[in-house]
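Novice: Give me the fold of what follows.
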Amino acid sequence: MRLTGIEITEEGVAAVTLERQGTGLRVVAFAQVGCHEVESDVSGMLHARLLSALAEKMPLKGEKCCVVLSPEMVRTRGASFPFQDAKKIEKALPFELEPTLPFSLEGLDISWEKRSLTSGKGGSDVLAFISNEKELKALREVFQGEGIDVRELVPSLAPAVSVHARRVQGRFVIMECREHGASFVIVSDGKMVVTRHIRYQNVGSAESVSREIWQTLTRVAEEEGTFLLPEKIVVSGGPLDLKTVETPLGAIAVEPVHMLSLTGAVVDEELKGDWKEGPFDSALAVAASTLSGWRHTTIWEQGFAPAEFMGKHKKRVVATAVMLLFVLLLFGVRSGLAVRHNSRALASVESQMSRLYLDTFKDVGRAPSPEVMVRSMEGRLRQAREGAAYAGGRERRVEILELLYALSSSIPNELKVSLKRLVLTRGKLTVSGLADDFAVIDTMKRSLEKSPMISGVTIASSSKEVGGERFQFKVVIALSGGEAS
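Specialist: The predicted structure is shown next:
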């Protein structure tokens, strides 16, 4: 995958193209153009001419890019809320910001992210990014006019925060220095707390930078109710004669940024001689952060645009549509053949059912419809089960009711026997119950053996009832009629 990061500043534009190769990133192109190299008094025309000049130094047409906006194009404001719900914050944020801005909110685009300041239990602190909607739209149109596909617009220093937060914990300051001014952001727990943009009183004035950093830290400490000195200040961009920032609480070390090593990218061999640390830091950071999936704040992101997609990929869309129609046609033909085959198979099954029905039930002259046939067969089978009997020979069949009558009539009336359970299986009947004593059970056994329907009686078990005076028994009666039908 290939992506170009472009940074716009009041001094010009800088771009870096990264290409993902396996798990690594490689710098395959970079260039910068200063405002002094082109002539234009109109901002939109200036951007167009800068991009045209940049496109002459490196390939840009058709490239996907992420753009870092200059500090002048995005204002930041902090706000606190007594709740954490994102939808509530979205609705309340404009009313909270309006008193802090010298202009109306109409026509402005507001995005925000939570920061790590404390605002009491259950509250939220946010950092809002405010930009002019028309200005951003005009900028995107300039890029589109040059054939550049803009994927997202990012506030200044946000990509650098994303890259540094992976390596540096705690609180620190990231600064980007230019010829006429500097921008810096205080970072705490990987989140932007407050941003500032200052202009030098003198070119490269270290004194102005030190004073502004200290005043900003003091202001943040008043909001938090506690003062935490940053561990260090990392500086990118142009040269600044600043080794430490002296504060009443101690000195803060100033270190240069090595963005190439932080991102893990490498420069192509033929480009190494022209590469310089500093001017391309933000462009490199936004490209690496986006390609690597590291989260950073965005002002605008490209959504799915059907008309634009169709215009760019018309041939592929047409080819895909033709293939889809062909697949649908094949699916329709196959479905038609399957329906025809299933209809034939169903007709064959219905014919076999009709023959089976007529062969089984001789008293029926004509087979009914399949639905009626199934219900009729269920009814006839139910009647057959209810009339199940034991075969006593081919000449006569003994009904179950006859068997129960023979059982009850074979036991003498004077015997006190209670039958609790009867289990009928093929060829035998198991009877469980209670009797006064074992002699009664034995008498019952001899009486049952005299019945012509019974071939033998076996006492399977007998024992005295638990907690009672009677005997429990189980006898197995072998039927002389054979197996149940």
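Novice: In this structure, which helix is the longest?
Specialist: For the chain, the helix with the greatest residue count under DSSP state H is helix 314-360.
Novice: Please save the CA atoms from the helix or strand that comes right after that helix in PDB.
Specialist: Counting by DSSP states H and E, the element after helix 314-360 in chain order, helix or strand, is helix 370-386. In PDB, the C-alpha atoms belonging to helix 370-386 read as follows (Å, rounded to 0.1, in the frame of the first residue of the first chain):
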ATOM      1  CA  PRO A 370     -51.400 -37.100  -1.300                       C
ATOM      2  CA  GLU A 371     -52.500 -34.900   1.600                       C
ATOM      3  CA  VAL A 372     -55.700 -36.900   2.100                       C
ATOM      4  CA  MET A 373     -53.800 -40.200   1.600                       C
ATOM      5  CA  VAL A 374     -51.400 -39.400   4.400                       C
ATOM      6  CA  ARG A 375     -54.200 -38.500   6.800                       C
ATOM      7  CA  SER A 376     -56.200 -41.600   5.800                       C
ATOM      8  CA  MET A 377     -53.200 -43.900   6.400                       C
ATOM      9  CA  GLU A 378     -52.500 -42.300   9.800                       C
ATOM     10  CA  GLY A 379     -56.100 -43.000  10.800                       C
ATOM     11  CA  ARG A 380     -56.100 -46.600   9.600                       C
ATOM     12  CA  LEU A 381     -52.800 -47.300  11.400                       C
ATOM     13  CA  ARG A 382     -54.300 -45.800  14.600                       C
ATOM     14  CA  GLN A 383     -57.200 -48.200  14.400                       C
ATOM     15  CA  ALA A 384     -54.900 -51.100  13.800                       C
ATOM     16  CA  ARG A 385     -52.900 -50.200  16.900                       C
ATOM     17  CA  GLU A 386     -56.100 -49.900  19.000                       C
END
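Novice: Now do helix 370-386 and helix 314-360, the angle between them.
Specialist: 40 degrees (axes from the mean of the first three to the mean of the last three Cα atoms, to 10 degrees).
Novice: got the contact list for helix 370-386?
Specialist: Identification of contacts with helix 370-386 by Cβ atoms under 8 Å, 6 or more residues apart in numbering yields E350, M353, S354, Y357, T360, F361, A367, P368. Glycine gets a C-beta too; all of them are placed from N, C-alpha and C.
Novice: Quick check: the residue sitting furthest away from the middle of the chain vs L404, distance?
Specialist: What lies farthest from the middle of the chain is E414; by Cα atoms, centre = their mean that is 81.0 Å. To L404, E414 is 21 Å away according to Cβ to Cβ, to the nearest Å.
Novice: Count the neighbours of the residue nearest to G190 when sequence neighbours are not counted for me.
Specialist: Distances taken as Cβ to Cβ, 6 or more residues apart in numbering place A165 nearest to G190, at 3.7 Å, with adjacent residues excluded. Using other Cβ atoms under 10 Å, the number of residues around A165 comes to 20.
Novice: G264 now?
Specialist: Count around G264 with other Cβ under 10 Å applied: 12.
Novice: which non-adjacent residue is nearest it?
Specialist: Spatial nearest neighbour of G264, chain neighbours left out: L25 (6.3 Å); criterion: Cβ to Cβ, 6+ apart.
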